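> only geometry, no sequence info:
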């Protein structure tokens, strides 16, 4: 196993002391001291309550925190939880922390956790986000049970969200992965998910440590790996997804982490997605109908302004990426007033597909292609928010569904561009 | 007297014939070299053109912004220009080699200078091309970052970065070619200094409000409206 060589000796020694496990909980962290204590307590209570007889371990892969996060993970004692959970674990619960680098990298954190799972021969694993403030012990049960008891390989979550939360997921990641790979996975990019040890090992084998391009890409690649391997996939409802405060500048890193690996995977997965038509639902545990949370404030005016100025300022960049007709259409809507403005679903899908085709051809630097998508996404977000401002949960859901169908309808356009570039 | 003139003329004609006989093989060698040079240059052009097409050099040139320059000058594609350039350099090299075979003293010196200059010309071209590539890359990076950070005048910033890099690259190119080194050095100093001074003044005067807003946002936390659009993309 080449992976072992990249784990620190101390980490490997600690893993050897643990021996084999049934359940592995992965916590990728970086400066999460504010929230990690509560998260670890919830994880421990979940293990005490739902898996008291299983051999379990918590693996913390830290990206060089300076606020003492690793100490907080290993410092929380399960004895503190016993009175609360009113149960006793029949096994020792180990907590191990390793610092994989001095700077955070999602892909490296995930691979550290997967390598540990492989060494410990974990049967079922779960990765939990360190800033999930509203995590409940039951999340572990919901994410692990399908793997541990029902033979699933991959469990993705579904949440109750505010209708304008996760717009990149609802307007690009979900519809595009659904149209391309034919599976309706609502959260293809997620920070909480369960998986089997086998799937973890397969992912490690296909994404070697030496390949540095994977360092910043983790979660979405893992979802795509599960699809690629034709794994048994299901979704588990976890509850509310709390709104995380973001700055506008967070959009580009989010695009890099999600759209980058998605576009990148299209080349190697061409034989898979080119033959898929339509899409299939996947089994979900929990409520089917979405319930929306409290509204968040959104400055729509600024979204539209950033779209319009972006289209004007980046026209030289868009000329290399977009078809002339698409660019002229974008320039037309960029001049529209706020009340008239509409970035239609069809235009948005054509934009995204042309970006994907240009990414493949590397018409300009690939990271620049991803960055150039940000102002256009803001325009689409503006239209989505405007269309659904007064809409009910069902209206929003219908809107997302029609966007998904548009992605599926225009898939031949992407195929045509792909084949013409070969 | 008559005999003397005839003798002199005969001697001149003999010397001319001897000189012609002496130069004729060299002239033939020169012509052969020129002909062989044309053939080699032509083959080199064909091979280079195929290689450049194979490595999609035109796309690289487009990324570097060199294609746009060529279009403006109504020149063919970068692959074609480079192939033709190599053809002429190789052929000219062979012709000059042939001329040096003639043994004309003044010309030999010039030919030697040309061959010494040739590597510097290639290095200068290399620097210029990759300089253009760097200028395009960094100016586009600045443009994208400024647009996404909602910084005012992103195109101006991008153009400023591009100008500084191109001026810097040109000064290196001229230094490498050994052309007007002092002039270029002074010109670069003036342009660079003026640009920096201009930017400093522009930032100081034009950015006063921006700086004030930034400091207020940073330290006084009065930016509720500004922070309103914090939609979470994921």
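Perfect, thanks for sending it. Nothing here was measured: the structure is a model prediction, and the numbers come from that model.
> make it CA atoms for all contacts and neighbour counts henceforth
Will do.
> ok, residue A:227 - contacts?
A:181, A:233 (C-alpha atoms under 8 Å, 6 or more residues apart in numbering or on different chains).
> name the SS class of it, please.
Look at residue A:227: counting by DSSP: H, G, I helix; E, B strand; the rest coil, its state is helix.
> same deal with residue A:363?
Of the three states, residue A:363 takes coil under three-state DSSP.
> chain neighbours aside, what residue packs nearest to it?
Once flanking residues are discounted, residue A:363 sits nearest to residue A:320: 6.4 Å by C-alpha to C-alpha, 6 or more residues apart in numbering or on different chains.
> okay, now the unreliable bits of chain A?
Residues of chain A meeting the criterion pLDDT under 70: A:1-5, A:77-91, A:208-217, A:242-249, A:287-296, A:421-422.
> show me the strands in it, by range?
In chain A, the strands defined using DSSP state E lie at A:23-29, A:56-62, A:93-99, A:124-127, A:154-160, A:193-196, A:233-240, A:284-285.
> neighbouring strands for the longest one, and are they parallel or not?
Strand partners for strand A:233-240, identified by DSSP bridges, are recorded as strand A:154-160 (parallel), strand A:284-285 (parallel).
> isn't the residue nearest to residue A:363 right up against residue A:365?
No. At 10.8 Å, residue A:320 does not count as touching residue A:365 under the criterion of C-alpha atoms under 8 Å.
> care to break the chain down by domain?
Chain wasn't specified; assuming chain A. As assigned by automatic domain parsing, chain A contains the domains A:2-285, A:300-420.
> not what I meant, chain B
Split by automatic domain parsing, chain B gives B:25-103, B:118-217.
> and the helix or strand harbouring residue B:198, what does it pack against?
Using DSSP states H and E, residue B:198 falls within helix B:181-206. If contacts are counted by 3 or more C-alpha pairs under 8 Å, 6 or more residues apart in numbering or on different chains; DSSP states H and E, helix B:181-206 sits against helix B:154-177.
> so what secondary structure elements neighbour the helix it packs on?
The helices and strands touching helix B:154-177, judged by 3+ C-alpha pairs under 8 Å, 6+ apart, are helix B:105-148, helix B:181-206.
> most packed of the ones you listed?
Counting by mean count of other C-alpha atoms under 10 Å in any protein chain shown, helix B:105-148 has the highest mean neighbour count of the helices and strands packed on helix B:154-177, with a mean of 17.
> by contact count, what packs against that helix?
So helix B:105-148, by 3+ C-alpha pairs under 8 Å, 6+ apart, packs with helix A:300-313, helix A:366-388, helix B:57-64, helix B:66-72, helix B:78-101, helix B:154-177.
> in CSV, list the ones you listed along with distance to residue B:31 and mean neighbour count.
Formatted as CSV, those follow (distance: least, C-alpha to C-alpha, whole Å; neighbours: other C-alpha atoms under 10 Å in any protein chain shown):
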stretch, distance to residue B:31, mean neighbour count
helix A:300-313, 57, 20
helix A:366-388, 52, 22
helix B:57-64, 35, 19
helix B:66-72, 34, 16
helix B:78-101, 7, 19
helix B:154-177, 30, 19
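> mind putting these into TSV with distance to residue A:43?
Shown next, in TSV, are the helices and strands packed on helix B:105-148 (distance: least, C-alpha to C-alpha, whole Å):
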stretch	distance to residue A:43
helix A:300-313	38
helix A:366-388	35
helix B:57-64	50
helix B:66-72	58
helix B:78-101	61
helix B:154-177	47
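> nearest to residue A:19 among the ones you listed would be which one?
Between residue A:19 and the helices and strands packed on helix B:105-148, the shortest gap by C-alpha to C-alpha is with helix A:366-388, which sits at 42.2 Å.
> quick check, that closest one touching chain B?
Yes. Helix A:366-388 reaches chain B (C-alpha under 8 Å from any C-alpha of the partner chain) through A:368, A:371, A:372, A:374, A:375.
> give me the angle between that helix and helix B:105-148.
With axes from the mean of the first three to the mean of the last three C-alpha atoms, to 10 degrees as the basis, helix A:366-388 and helix B:105-148 are set at 30 degrees to each other.
> what's helix A:366-388 packed up against?
Helices and strands touching helix A:366-388, by 3+ C-alpha pairs under 8 Å, 6+ apart, are helix A:251-268, helix A:300-313, helix A:315-321, helix A:345-361, helix B:105-148.
> which one of those lies closest to residue B:48?
Among those, the nearest to residue B:48 by C-alpha to C-alpha is helix B:105-148 (14.9 Å).
> centre of the chain to that closest one, how far?
4 Å (C-alpha atoms, centre = their mean, to the nearest Å).
> just want the angle from that helix to helix B:154-177.
With the same axes, to 10 degrees applied, the angle from helix B:105-148 to helix B:154-177 works out at 160 degrees.
> any idea of the mean pLDDT for helix B:105-148?
Confidence for helix B:105-148, expressed as mean pLDDT, is 86.
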